[in-house]
Every structure is written in C-alpha cells, then in structure tokens.
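Undergrad: Just need the structure, nothing else, for what follows:
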Amino acid sequence: RKRSVVQMFPARKTCYAGWRLEYHGNLMAGEYSQKAGSTYTCVDSHPDTVHGGHANKNGYLFYPVEARCGTLKCPPYVEGREFVCVVCSKE
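TA: Prediction:
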C-alpha cells in the first residue's frame, strides 16, 4: 500500500478523519541554547532499537517540548506539560 502523504501533528493523540495512524509519541526538539539548528520531531513511544555499541558520543540531543502559557493559550494547554504527537498517513 502506497502512502502519498505522511504528516506529523503535534499536540494530538489521534489522527484526523480520513488519516491512518502510523505511530504516536512525544514531541521532541533540540535544546534552545544548542548551536545546531533544530526541528520538531515526533519520537515514537515504542521505538525500535539498534543493538551493539555502547559509547556515549554526546551527539545531537533531543529534549521534550513543554507548553508555556502566554506563548500558548492556557487552557487548553497546561504550563510545563510535555506535548504528545501523532504521525499519520493518507493515500
């Protein structure tokens, strides 16, 4: 089955009508003080793992994205609460 559109929806636990759930997870991004560019990424709640290796190379680090009232309308958002996300597809 071919999927022509795959989209990440932040702050959602389910897909919109007509979309198929690929996975749900937590919204993550780089830390604001890191010099590298950052993008919001939906990290699967049940990720696959790669076996082997054990060294900590301290590469690019992901951090949970939290709601901040004032920037966002509270409610419905809650100060300090981590965002969830879904990745959905559509044919």
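Undergrad: Can you report how many residues lie near Ala36?
TA: The number of residues packed near Ala36 is 9, by other C-beta atoms under 10 Å. C-beta coordinates here come from the backbone N, C-alpha and C atoms, glycine included.
Undergrad: can you check the one 5 residues further on too?
TA: Residues contacting Thr41 under the criterion other C-beta under 10 Å number 16.
Undergrad: Quickly list what it is bridged to.
TA: Thr41 has these beta-bridge partners by DSSP bridges: Met28.
Undergrad: Run a quick neighbour tally on Ser33.
TA: Neighbours of Ser33 under the rule other C-beta under 10 Å: 5.
Undergrad: how close does Glu82 get to Gly25?
TA: Distance, Glu82 to Gly25, by C-beta to C-beta, to the nearest Å: 11 Å.
Undergrad: which of the two has more neighbours?
TA: Taking other C-beta under 10 Å, Glu82 and Gly25 do not tie; Gly25 has more neighbours (18 against 13).
Undergrad: pLDDT wise, what is the spatially closest residue to Lys90 that is not a sequence neighbour at?
TA: Computed as C-beta to C-beta, 6 or more residues apart in numbering, the closest residue to Lys90 that is not its neighbour in sequence is Val5, at 4.5 Å. Looking at Val5, its pLDDT reads 93.
Undergrad: just for this protein, where's the confidence low?
TA: Applying pLDDT under 70 to the chain flags the ranges 1, 3, 53.
Undergrad: What segments of it are strands?
TA: For the chain, applying DSSP state E gives strands covering 5-10, 20-29, 41-44, 63-64, 84-90.
Undergrad: helices and strands around the second one, which ones?
TA: Using 3 or more C-beta pairs under 8 Å, 6 or more residues apart in numbering; DSSP states H and E as the contact criterion, the elements in contact with strand 20-29 are strand 41-44, strand 63-64, strand 84-90.
Undergrad: Please point out which parts of that strand sit buried.
TA: Neighbour-count burial for strand 20-29, counted by 16 or more other C-beta atoms under 10 Å, picks out 22, 24-28.
Undergrad: Need the residues that contact that strand.
TA: 3, 6, 10-11, 13-15, 38-46, 62-65, 82-90 (C-beta atoms under 8 Å, 6 or more residues apart in numbering).
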